[in-house]
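# sequence and predicted model, in that order:
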Amino acid sequence: MQYRYATEADAPAMAALFAANHHDALTAEQRADQGFVQGSLNEGALRGMAAHGGLLLADDGGEVAGLLALSAPDS
C-alpha cells in the first residue's frame, strides 16, 4: 500500500469507491461491520479537491483503496 496525494486522474476511481461505500449502497449489516460514508462527493467535486491538493489516497497496486479529505482549520 502506498499513500500519495490524489490527482485529477484519480477522480473516477475515487468517486466509484465513495459510491460503493455510501450509506444507501450498503445493508444495515455491512454498515455496522465496516462503516459507511455520507453526503455526496461526485467526480467533479473530487477532481477539484485533488487539483488543490486536498486529498490523500491509499493506492493498493494501482487501485484506489481509500481516501482522506484534508482541510485547513479556517476553511
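Arrived safely, thanks for sending. Numbering: from 1, shown residues only.
# and the helix or strand containing residue 58, average pLDDT?
Under the criterion of DSSP states H and E, residue 58 resides in strand 55-60. For strand 55-60, mean pLDDT is 95.
# helices or strands up against the helix or strand that comes right after it?
As assigned by DSSP H and E, the chain's next helix or strand after strand 55-60 is strand 63-69. Contacting strand 63-69 under the criterion 3 or more Cβ pairs under 8 Å, 6 or more residues apart in numbering; DSSP states H and E are the following elements: helix 11-20, strand 55-60. Glycine gets a C-beta too; all of them are placed from N, C-alpha and C.
# report the buried residues of the longest one.
Within helix 11-20, the residues that count as buried by 16 or more other Cβ atoms under 10 Å are 11, 13-15, 17-18.
# so what touches stretch 30-41?
With Cβ atoms under 8 Å, 6 or more residues apart in numbering as the test, stretch 30-41 has contacts from 15, 18, 21-23, 26, 49.
# what's the spacing between the residue nearest the centre of the chain and residue 13?
By Cα atoms, centre = their mean, the chain has its centre lying nearest to residue 67, at 4.1 Å. Computed with Cβ to Cβ, to the nearest Å, the distance linking residue 67 and residue 13 is 9 Å.
# number of residues surrounding residue 28?
7 (other Cβ atoms under 10 Å).
# point out where this structure drops to low pLDDT.
Applying pLDDT under 70 to the chain picks out residues 75.
# again, only this time at 80
39-40, 71-75 (pLDDT under 80).
# now stretch 15-23 - C-alpha only, PDB.
Taking Å, rounded to 0.1, in the frame of the first residue of the first chain, the C-alpha atoms of stretch 15-23 are listed here in PDB:
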ATOM      1  CA  ALA A  15     -16.000   8.600  -7.000                       C
ATOM      2  CA  ALA A  16     -16.600   4.800  -7.500                       C
ATOM      3  CA  LEU A  17     -15.100   3.900  -4.200                       C
ATOM      4  CA  PHE A  18     -17.200   6.700  -2.500                       C
ATOM      5  CA  ALA A  19     -20.400   5.500  -4.100                       C
ATOM      6  CA  ALA A  20     -19.700   1.800  -3.300                       C
ATOM      7  CA  ASN A  21     -19.400   2.700   0.400                       C
ATOM      8  CA  HIS A  22     -22.200   5.200   0.700                       C
ATOM      9  CA  HIS A  23     -24.800   4.600   3.400                       C
END
